[in-house]
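Student: Let's see this in three dimensions:
(4 chains)
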There are 4 protein chains.
Amino acid sequence: MPNVRRYTLSLSCPDRTGIVAAVSSFIAANNGWIVEANHHADATTKHFFMRQEILADSLPFDIAQFRVLFTPIAEQFDMQWRITDSAVKKRVVLLVSKQEHCLYDIFSRWQSDDLDVDIPCVISNHETLRGFVEWHGIPFHYVPVTAATKDEAYAEIAQLFDEVQGDVMVLARYMQILNPALCQRYAGRIINIHHSFLPSFIGAKPYHQAFERGVKLIGATCHYVTEDLDQGQIIEQDVIRINHSDQVDDLVRYGKDIEKAVLARGLRYHLEDRALVHGNKTVIFR
Amino acid sequence: MPNVRRYTLSLSCPDRTGIVAAVSSFIAANNGWIVEANHHADATTKHFFMRQEILADSLPFDIAQFRVLFTPIAEQFDMQWRITDSAVKKRVVLLVSKQEHCLYDIFSRWQSDDLDVDIPCVISNHETLRGFVEWHGIPFHYVPVTAATKDEAYAEIAQLFDEVQGDVMVLARYMQILNPALCQRYAGRIINIHHSFLPSFIGAKPYHQAFERGVKLIGATCHYVTEDLDQGQIIEQDVIRINHSDQVDDLVRYGKDIEKAVLARGLRYHLEDRALVHGNKTVIFR
Amino acid sequence: MPNVRRYTLSLSCPDRTGIVAAVSSFIAANNGWIVEANHHADATTKHFFMRQEILADSLPFDIAQFRVLFTPIAEQFDMQWRITDSAVKKRVVLLVSKQEHCLYDIFSRWQSDDLDVDIPCVISNHETLRGFVEWHGIPFHYVPVTAATKDEAYAEIAQLFDEVQGDVMVLARYMQILNPALCQRYAGRIINIHHSFLPSFIGAKPYHQAFERGVKLIGATCHYVTEDLDQGQIIEQDVIRINHSDQVDDLVRYGKDIEKAVLARGLRYHLEDRALVHGNKTVIFR
Amino acid sequence: MPNVRRYTLSLSCPDRTGIVAAVSSFIAANNGWIVEANHHADATTKHFFMRQEILADSLPFDIAQFRVLFTPIAEQFDMQWRITDSAVKKRVVLLVSKQEHCLYDIFSRWQSDDLDVDIPCVISNHETLRGFVEWHGIPFHYVPVTAATKDEAYAEIAQLFDEVQGDVMVLARYMQILNPALCQRYAGRIINIHHSFLPSFIGAKPYHQAFERGVKLIGATCHYVTEDLDQGQIIEQDVIRINHSDQVDDLVRYGKDIEKAVLARGLRYHLEDRALVHGNKTVIFR
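Tutor: Okay, the predicted model is just below:
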């Protein structure tokens, strides 16, 4: 039912009895039709996570009214929660550098409506990909970043992001390390693709590191960006097999395939409210 | 919490609003602590599936009383359902032939308590594996099968299975085709591992078929046994890469690795009530 | 050494002693520096396969002279053989329909020079992708195909392919069944991506077939096109895991990821002369 | 041709022209029938690697004479080389602790002759697995290891290994860190399975580390043992997907499946002389 309007309720709270009953009774009492539901009770942290997709038209009220009516339940259980509407497209701002593989991949998904979002603009520290972006009818902003102008550059990026009311910022092989101000301001809303299987090969030139160590698989990691480099919560990872005949250039080339696939999956989990952050981990309701 | 006693409730019924609310309100009203929950509403068949793990000690009654109290809800929603108790080990009867790889694999898991079941007996049409089985303290029954004595043999197997009150019969590379009587009698309780990626290469000598076709991956399929050969509901599948230098013998050898891994996963899903059958498909709550 | 010019010699012949010695002695006698070498002796068909990459500048003669000097060896062993020059880009003609995912993927690789080929034109039975192709500076030919005009259309495609001196024709989700004349004329030079794990789900709507059967993995197959639908020699395959909650639309979406990855790998093997056809199989020297 | 006797020649040397020609001409001049051949010229280190399987009966001399006749070629090119005879089974000494999964797996392969070796004895620092080992007719040596007696214990293990003329020592989840003396004495002949995807999670309790970091895949690594803990040359690696619902116990359980599979593959590469060590890496001719 990809075209049927639905609300997605996602929440987390300290675990105790009665949470599922309270939420599902509320939905049932209002004749809500649940089309997908996931729960997770974390045994270590005693925290509870839930995600529900409800057919919008099955409810007798709109999303604003849902928020009003649900608030007492949320307060009772001390929930962190949100509800989103599939009819309201999320706004994805892409940050790119010179490499095109993730950009082509995301645009391909967006063109076919497999990725059902708005892309209000693309921001880059190079002019390389302007033509390709603009051909697709999307504004392209060139924001150069140097050691001296880093803070100004990131302030400009924040302003651009706010102007278009971005929901999520995607570092699609952006190759720059954001400053703490930006990381804090948009905590949980910035997604990066790192070209290694974290926590192996943190930092620069991970494919060179992998080549030097002689590993038999290389990987990629999609994670939320935090102030600590490559330490953010992991959303998705995958690996690909290499062998002794592969040089660094080959690793880079193979790596692109896994980078774009992992970024696409991680982004989808975020956009569909399937990725719930808790501490330094994520719960992913697939 | 692997050692904490829990009840597992699994059910399916025609989809409508209020199912989750009814079930979870019942559990919550009795202070039941849900540690794992999964739902699935099938958009095509309009059927609903649910699995809940509840801490046994959080409830004020035992499993017999649970059954009595839950029956009205089950009837209201026309549910097919069952509830099992983690403190009651399931009884797994293994059927083997001459090949040992699946048997060694299952025994290894059972010895380490990763597979927390009773194995009341092993049945085989060959004497080959008697010593290995008996060394583990498990009775071994030799039941030869010939074209002429097939129905008698399967009747004997059924009797052995009933005598030990088997819960599930596992064809661990048994290499014989069961007769319809046995398939019907234990529908949904017989699990087979087929050495191909079904529906490719049904029937005999699938590795020869795969070799002839020149495929680049070979697979294995764990499925419920029905009267139609290799047509039962698929529980789990996986594949492994081969290449042009691999002969049929190599395929057989690689295949064993994937056979035993897929059988182990499929059997686990069944034993933990994670595999719910509907029509010719399964819902697997992992 | 991606930028170092090299010759690639690939050959197959009936197996006997002395083949490797004859070829390598010829290369060594001329001071040829071998950077990559692969052999395969097929035990079933008693056929021998070899691929050698030689640094062009290590030899005292050019490729034309190589061909002259090597011919006696080739005749002695009854070889089918060819030698290609990495300095001469291969010419890849793409056939597409309306779906863009494989086209975006191939163009992304071509833009970054990971796919070091010329794309002299793209041919389609729909106008959908004209703008995207032409923005990249590549001619786009619209050749509609109807049941009545099939043979004329394919004759036109053959003419376009010949005019640009195409080396390989890639059906990048072209969705049309070529006629026998085209298959025969370019045998071993037409590559297709089929959206199933062959030999499962031959023909139309494989994702629907996979959904109906309830498989737990779906796949894609890159193969040479022969007159028998989906029966050509398999170059590469891969699979991706799905589950009970995935509907046909989800399978289509997941499938795209595996289609483009498998096509890219299969195309690379072909372009680098790593795919040697023998009977209904391929030898892939990776 | 699994039962046909063959010699396997493996070698490495500084790269230059003429190596393949010299080796293959020698083999061809003696009518040697090559059934499998692999070369690798490492572009970074300028080192060359080769492996050839030759039908034993195609040569007019035995392996001792081969060694004599080949020595001048080996010296000319400054080769490190060896030749082994498939008719002489390699002798594999297993070191285990209390966990049985790798032992069961290896014994299963050995029982079916998929692993065609002799197992002259099993050594353990616990008595746990004595019965299982001895039932298979294999001597079991209990060698306790304490901090105080470590060197004596490892001296005893070395003596046991030498007495049975062991070819390779396999740490099948042995859980003890060998001392430098043992590592040096049998360099390139001790294989370990580490329960993480190295270089992530070196040292103790890697599954706990993986759980804390919130990775989405866990792995296992088969490597040669050197004096530096978990720094030896990697032979084989693989990973398995986990999710947020998996606790450390689940990781341990899933990890066993990948540990035994990776160890089995790595051991096979070593036994078939497919693993050639160079510096801190391996060339694996599969």
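Student: Within range of chain C, give me the residues from chain A.
Tutor: Contact residues, chain A versus chain C (Cβ under 8 Å from any Cβ of the partner chain): A:1-2, A:36, A:99-101, A:104-105, A:107-109, A:111-112, A:114, A:131-132, A:135, A:245, A:247, A:249, A:253, A:256-257, A:261, A:264. The way it works is simple: take the backbone N, C-alpha and C, and place the C-beta from them, glycine included.
Student: So which of these sit within helices?
Tutor: In helices, defined here by DSSP state H, the members of those are A:101, A:104-105, A:107-109, A:111, A:131-132, A:135, A:249, A:253, A:256-257, A:261, A:264.
Student: tilt between the helix or strand containing A:Asn38 and strand B:34-42?
Tutor: Under the criterion of DSSP states H and E, A:Asn38 resides in strand A:34-42. Angle of strand A:34-42 versus strand B:34-42, following axes from the mean of the first three to the mean of the last three Cα atoms, to 10 degrees, is 160 degrees.
Student: Each with direction, which strands does the helix or strand that strand A:34-42 is followed by pair with?
Tutor: Downstream of strand A:34-42, the first helix or strand assigned by DSSP H and E is strand A:47-55. Here strand A:47-55 is paired, per DSSP bridges, with strand A:6-14 (antiparallel), strand A:34-42 (antiparallel).
Student: Restrict the first one to CA atoms and write it as CSV.
Tutor: Provided in CSV are the C-alpha atoms of strand A:6-14 (Å, rounded to 0.1, in the frame of the first residue of the first chain):
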residue,chain,number,x,y,z
ARG,A,6,-0.5,6.7,6.9
TYR,A,7,0.7,8.2,10.2
THR,A,8,3.8,6.8,11.7
LEU,A,9,4.1,7.0,15.5
SER,A,10,7.5,6.2,17.0
LEU,A,11,8.4,6.5,20.6
SER,A,12,10.7,5.3,23.4
CYS,A,13,10.4,5.4,27.2
PRO,A,14,11.5,3.5,30.3
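Student: Give me every residue in the stretch 151-286 of chain A lying close to chain D.
Tutor: The stretch 151-286 of chain A comes close to chain D at residues A:197-201, A:213-217, A:219, A:233-239, A:243-245, A:247, A:280-284, A:286, as judged by Cβ under 8 Å from any Cβ.
Student: Can you say which of those residues are buried?
Tutor: Among those, those classed as buried by 16 or more other Cβ atoms under 10 Å in any protein chain shown are A:197-201, A:213-217, A:219, A:233-239, A:244-245, A:247, A:281-284.
Student: Out of the strands paired with strand A:47-55, which is closest to C:Ser12?
Tutor: Comparison of the strands paired with strand A:47-55 against C:Ser12 by Cβ to Cβ identifies strand A:34-42 as nearest, at 52.9 Å.
Student: pLDDT averaged over the closest one, what's the number?
Tutor: The pLDDT scores in strand A:34-42 average 88.
Student: How is chain A divided into domains?
Tutor: The record's domain parsing of chain A by automatic domain parsing lists A:6-85, A:90-284.
Student: Comparing those, which comes out most buried?
Tutor: The highest average neighbour count among those, using mean count of other Cβ atoms under 10 Å in any protein chain shown, belongs to domain A:90-284 at a mean of 19.
Student: Distance from the chain centre to that one, please.
Tutor: In terms of Cα atoms, centre = their mean, to the nearest Å, the centre of domain A:90-284 is found 9 Å from the chain centre.
Student: Then stretch A:13-23?
Tutor: When distances are taken as Cα atoms, centre = their mean, stretch A:13-23 is centred 27 Å away from the chain's centroid.
Student: can you tell me the distance between the two ends of that stretch?
Tutor: Stretch A:13-23 has an end-to-end distance of 12 Å (Cα to Cα, to the nearest Å).
Student: What of stretch A:25-40?
Tutor: Using Cα to Cα, the end-to-end distance of stretch A:25-40 comes out at 18 Å.
Student: Helices along the stretch 101-250 of chain A, start to end?
Tutor: Under the criterion DSSP state H, counting those that start in this stretch, the stretch 101-250 of chain A contains helices at A:101-111, A:130-135, A:150-163, A:180-185, A:206-213, A:248-271.
Student: just checking, what packs against the first one?
Tutor: When you say that, I think you mean helix A:101-111. When contacts are defined as 3 or more Cβ pairs under 8 Å, 6 or more residues apart in numbering or on different chains; DSSP states H and E, helix A:101-111 packs onto strand A:92-96, helix A:130-135, helix A:248-271, helix C:101-111.
Student: Next, the angle helix A:248-271 makes with the last one.
Tutor: Spelled out, it's helix C:101-111. Using the same axes, to 10 degrees, the inter-axis angle of helix C:101-111 relative to helix A:248-271 is 140 degrees.
Student: How about exporting helix C:101-111 as PDB, limited to the C-alpha atoms?
Tutor: The C-alpha trace of helix C:101-111 is given here as PDB (Å, rounded to 0.1, in the frame of the first residue of the first chain):
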ATOM      1  CA  HIS C 101      18.300   2.800 -12.100                       C
ATOM      2  CA  CYS C 102      20.800   0.800 -14.300                       C
ATOM      3  CA  LEU C 103      21.400   3.800 -16.600                       C
ATOM      4  CA  TYR C 104      22.200   6.100 -13.700                       C
ATOM      5  CA  ASP C 105      24.400   3.500 -12.200                       C
ATOM      6  CA  ILE C 106      26.400   2.900 -15.400                       C
ATOM      7  CA  PHE C 107      26.700   6.600 -16.100                       C
ATOM      8  CA  SER C 108      28.000   7.200 -12.600                       C
ATOM      9  CA  ARG C 109      30.700   4.700 -13.100                       C
ATOM     10  CA  TRP C 110      31.500   6.100 -16.500                       C
ATOM     11  CA  GLN C 111      31.600   9.700 -15.200                       C
END
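Student: Taking the stretch 151-286 of chain A, what residue is nearest to chain B?
Tutor: Residue nearest to chain B within the stretch 151-286 of chain A: A:Arg241 (8.4 Å; Cβ to the nearest Cβ).
Student: oh, I was asking about the stretch 51-200 of chain A
Tutor: Nearest residue of the stretch 51-200 of chain A to chain B (Cβ to the nearest Cβ) works out as A:Ser58 at 6.9 Å.
Student: Pull the contacting residues for that residue.
Tutor: Listed by Cβ atoms under 8 Å, 6 or more residues apart in numbering or on different chains, the contact set of A:Ser58 reads A:31-33, B:17.
Student: at 6 Å instead, please
Tutor: Counting by Cβ atoms under 6 Å, 6 or more residues apart in numbering or on different chains, A:Ser58 touches A:31-33.
Student: Now for A:Val283, which secondary structure element holds it?
Tutor: Going by DSSP H and E, A:Val283 is part of strand A:281-284.
Student: A:Leu276 in helix, strand or coil?
Tutor: Under DSSP: H, G, I helix; E, B strand; the rest coil, A:Leu276 falls in the strand class.
Student: quick one: it from A:Val262, how far?
Tutor: Noted for A:Leu276: a distance of 19 Å to A:Val262, by Cβ to Cβ, to the nearest Å.
Student: now A:Ala204
Tutor: 19 Å.
Student: go on, A:Pro14?
Tutor: Distance from A:Pro14 to A:Val262, by Cβ to Cβ: 32 Å.
Student: is the residue nearest to A:Leu103 when sequence neighbours are not counted in a bridge, and if so with what?
Tutor: Nearest residue to A:Leu103, sequence neighbours excluded (Cβ to Cβ, 6 or more residues apart in numbering or on different chains): A:Val96, at 5.3 Å. Taking DSSP bridges as the rule, A:Val96 bridges to A:Ser124.
Student: Might one say that A:Val96 is in contact with A:Ser124?
Tutor: Yes: here A:Val96 lies in contact with A:Ser124, judged by Cβ atoms under 6 Å, at a distance of 4.9 Å.
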